[in-house]
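In: One predicted model, sequence on top.
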Amino acid sequence: MYQLGANPQRSAQFFWRGFVAFWPCAFLIAYGAVNENIWFYLGITLLIPAFICAIYGYIGMLANRFAQVIGHADKAKQLFD
């Protein structure tokens, strides 16, 4: 967990890239549902890596915050011991 949260800037970049890539894919899926199926399949194919990228970045940011909470709890515990 500490390894995932070690670089919060990189995690944020992964999240935002995946998030930004999600919207054109969602548009392709909606467009493909109404028109030709090739756009639908292209949108699904591109949506999967975008979603994985966004989830990876979000888990990294969450791991960083969780590591900070654990670090502060350890400091507080040492303060009162």
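Out: Cool, got the structure.
In: Next, the contact list for the residue nearest the centre of the chain, please.
Out: Closest to where the C-alpha atoms of the chain average out (CA atoms, centre = their mean) is residue 54, at 2.6 Å. When contacts are counted by CB atoms under 8 Å, 6 or more residues apart in numbering, residue 54 touches 14-15, 17-19, 21-22. (C-beta placed from N, C-alpha, C; glycine too.)
In: Mark which of those residues are part of helices, please.
Out: 14-15, 17-19, 21-22 (DSSP state H).
In: This structure: strands as residue ranges?
Out: Here the chain has no strands by DSSP state E.
In: Low-confidence stretches in it?
Out: In the predicted model of the chain, residues 1-2, 4-5, 74-81 satisfy pLDDT under 70.
In: And the helices in it?
Out: 8-34, 37-80.
In: buried ones in the first one?
Out: Neighbour counts over helix 8-34 (16 or more other CB atoms under 10 Å) mark 8, 11, 14-15, 18, 21-22, 25, 28-29, 32 as buried.
In: Throw those residues into CSV and include distance to residue 64, thanks.
Out: What follows is those, written out as CSV (distance: CB to CB, whole Å):
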residue, distance to residue 64
8, 4
11, 7
14, 12
15, 12
18, 17
21, 22
22, 22
25, 27
28, 32
29, 32
32, 37
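In: right, and out of the residues you listed, which lies closest to residue 58?
Out: residue 15 (5.3 Å; CB to CB).
In: Identify the residues contacting the closest one.
Out: Contacts here follow CB under 8 Å, 6+ apart; on that basis residue 15 touches 53-54, 56-58, 60-61.
In: who wins for neighbours among these?
Out: residue 60 (24 neighbours; other CB atoms under 10 Å).
In: So that one versus residue 50, what's the distance?
Out: As judged by CB to CB, to the nearest Å, residue 60 and residue 50 stand 16 Å apart.
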